[in-house]
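**Q** No letters, just coordinates:
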């Protein structure tokens, strides 16, 4: 059963309306009700069938205004690459000692980056990182010889996305404390990345529906025609 607060927020929303990015970015701030700085979340349903490898939508985008979250990064690298990662602000850098720490259940980080020559080591903990969505992958820019740039991107507001089995994508794209125009610019950057990754084999309407919400709020619907034109 919906709480009184949630019901009151729902009554503010015109459920028959499909909001433009500009309208949604303004209106979402009116739905703030929690005492903390709520995350602005976008949810999309795409016209793809991820059971087919050529229709998997996966990638990453650096949002122009970041996510508002402090992200802790662990980097698997050695030698000069390890030094570059540390200089870029990585929270943890190593190889075998990182594996031992993770195997012991100690995971004080949010994202894992790896230099290509360390993926053999990372493979030892794939069963631990995989289910947590932390396994490094070239498609999200987290397996790369340029570990310094990867760390900077992740710290600077990079958001990874991956369509689920039902064609859904969900991501946090900022905080309700952000100015409306910054929320709008982050939305456009995220949607542009989704459009860029449209599979050539996808038929029919690509963005079937999309909505914006806060951590503790009901959702408002987007005008998907506008979203599909964002490049």
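**A** Perfect, I can see it now. Since the structure is predicted, the reported quantities are computational estimates derived from the model, not experimental observations.

**Q** where do the strands sit along the chain?
**A** For the chain, the strands defined by DSSP state E cover 39-46, 58-62, 73-76, 92-94, 111-114, 158-162, 168-175, 207-214, 220-221.

**Q** what would these look like in TSV with distance to residue 130?
**A** Where C-beta positions appear, they are placed from N, C-alpha and C, glycine not excepted. Formatted as TSV, the strands of the chain follow (distance: least, CB to CB, whole Å):
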stretch	distance to residue 130
strand 39-46	23
strand 58-62	14
strand 73-76	15
strand 92-94	19
strand 111-114	11
strand 158-162	12
strand 168-175	19
strand 207-214	28
strand 220-221	33
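
**Q** Could you dump those into TSV and include mean neighbour count, distance to residue 26 and mean pLDDT?
**A** TSV is the format used below for these (neighbours: other CB atoms under 10 Å; distance: least, CB to CB, whole Å; pLDDT from 0 to 100):
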stretch	mean neighbour count	distance to residue 26	mean pLDDT
strand 39-46	21	12	98
strand 58-62	18	23	94
strand 73-76	27	33	98
strand 92-94	20	40	97
strand 111-114	26	31	97
strand 158-162	20	22	94
strand 168-175	20	14	97
strand 207-214	20	11	98
strand 220-221	20	11	98
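
**Q** And these: which comes nearest residue 19?
**A** For the strands of the chain, the distance to residue 19 is smallest for strand 220-221, at 5.4 Å, taking CB to CB.

**Q** For the top helix by length along the chain, what is the distance to the chain centroid?
**A** Scanning the chain for the longest helix, with DSSP state H as the assignment, gives helix 180-196. The chain centre lies 12 Å from the centre of helix 180-196; the measure is CA atoms, centre = their mean, to the nearest Å.

**Q** Next, the buried residues of that helix.
**A** Neighbour counts over helix 180-196 (16 or more other CB atoms under 10 Å) mark 182, 183, 184, 185, 186, 187, 188, 189, 190, 191, 193, 194 as buried.

**Q** Summarise which helices and strands that helix is packed against.
**A** Helices and strands touching helix 180-196, by 3 or more CB pairs under 8 Å, 6 or more residues apart in numbering; DSSP states H and E, are helix 21-27, strand 39-46, strand 58-62, strand 158-162, strand 168-175, strand 207-214, helix 224-228.

**Q** is it possible to export the ones you listed to CSV including distance to residue 149?
**A** Shown next, in CSV, are these (distance: least, CB to CB, whole Å):
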stretch, distance to residue 149
helix 21-27, 29
strand 39-46, 25
strand 58-62, 10
strand 158-162, 10
strand 168-175, 21
strand 207-214, 30
helix 224-228, 29
